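Participant: Only the shape, not the letters, is given here:
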């Protein structure tokens, strides 16, 4: 009887110890999950290209398990650094959002390495009614006169010269947070050096148009352009007509018809008349 009671007490103690261990492990996990560290965040909305100063920043306690990579603990580390993307209030300042140390503020800090910024003049039609905003991608088209030959009339042609070009700024604004259309007279595009040469030549030989495209559409589409004859199908109709016309018809020369020969007069009927011993011939 005593042995049975001792075994029962031992089992009860074992269960109690096991429960205590499970509770302690859960408490330790919860405490570890609630651990935090200081992270520098934006105290106000900061536009891209801005130089950071301490008044723009603050520090908050951030859960250690959820701290984004590349964050900073001390705002002094970010003195005079330049943002290459816009940051909203409360967002953590990360190294990937910053231009290299020593970069001066302004639009030049936003341009990717190996790229150039080029501004083109637009109107409400060329600028896609103001929907070409910073951060959007556009295609650039040119409408020009195509030289055919010395004695031939130039033919209007329209073609796409650049695809998937990033809009850096419209007028003097580079903010990418606004989604309202803005009708402006100039758009700044990010292009490669080679594309900058194409764009400069295109705007000198014809008129430019911007074509807004989906930001997720990265596929390049090669087109040969279109001429006035292709658009109106003039050349195709001429070739079809020439193919179905058959052999050429020789022109008919006009030969004047000779005048008809005079019709001989019919012979008259004559009667001999005798009057007073005199003869006379009367014809009718």
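Facilitator: Nice, thanks for sending it over. Given the structure is predicted, the values throughout are model-derived calculations rather than measurements.

Participant: tell me the helices in the stretch 51-200 of the chain, going along the chain?
Facilitator: Along the stretch 51-200 of the chain, counting by DSSP state H, counting those that start in this stretch, helices occupy 193-205.

Participant: got any ranges where it has weak pLDDT?
Facilitator: Within the stretch 51-200 of the chain, the stretches falling below the threshold (pLDDT under 70) are 148-149, 173-179.

Participant: those strands in it, which residues are they?
Facilitator: 57-63, 116-121, 137-146, 155-170, 186-191 (DSSP state E, counting those that start in this stretch).

Participant: Which elements pack onto the third one?
Facilitator: Which is strand 137-146. strand 155-170, helix 193-205, strand 206-213 (3 or more Cβ pairs under 8 Å, 6 or more residues apart in numbering; DSSP states H and E). All C-beta spots, glycine's among them, are computed from the backbone N, C-alpha and C.

Participant: ok so, going back, which one of the strands of the stretch 51-200 of the chain has the most crowded surroundings?
Facilitator: Most buried of those, by mean neighbour count (mean count of other Cβ atoms under 10 Å): strand 186-191, with a mean of 21.

Participant: what's the angle from it to strand 137-146?
Facilitator: 100 degrees (axes from the mean of the first three to the mean of the last three Cα atoms, to 10 degrees).

Participant: Can you tell me the strand partners of strand 186-191 and which way each runs?
Facilitator: strand 116-121 (antiparallel), strand 155-170 (antiparallel) (DSSP bridges).

Participant: Let me have the ones you listed in TSV, adding distance to residue 37 as columns.
Facilitator: Shown next, in TSV, are the strands paired with strand 186-191 (distance: least, Cβ to Cβ, whole Å):
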stretch	distance to residue 37
strand 116-121	38
strand 155-170	36
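
Participant: right, and these - which one's nearest residue 128?
Facilitator: strand 155-170 (9.9 Å; Cβ to Cβ).

Participant: and the closest one, how far out from the chain's middle?
Facilitator: What separates the centre of strand 155-170 from the centre of its chain is 7 Å, taken as Cα atoms, centre = their mean, to the nearest Å.

Participant: from here on, count from 205
Facilitator: Sure, I'll start numbering at 205, so the last one becomes strand 359-374.

Participant: Identify all residues paired with the closest residue to residue 390 other than its chain neighbours through a beta bridge.
Facilitator: Once flanking residues are discounted, residue 390 sits nearest to residue 323: 5.3 Å by Cβ to Cβ, 6 or more residues apart in numbering. For residue 323, the beta-bridge partners are residue 392 (DSSP bridges).
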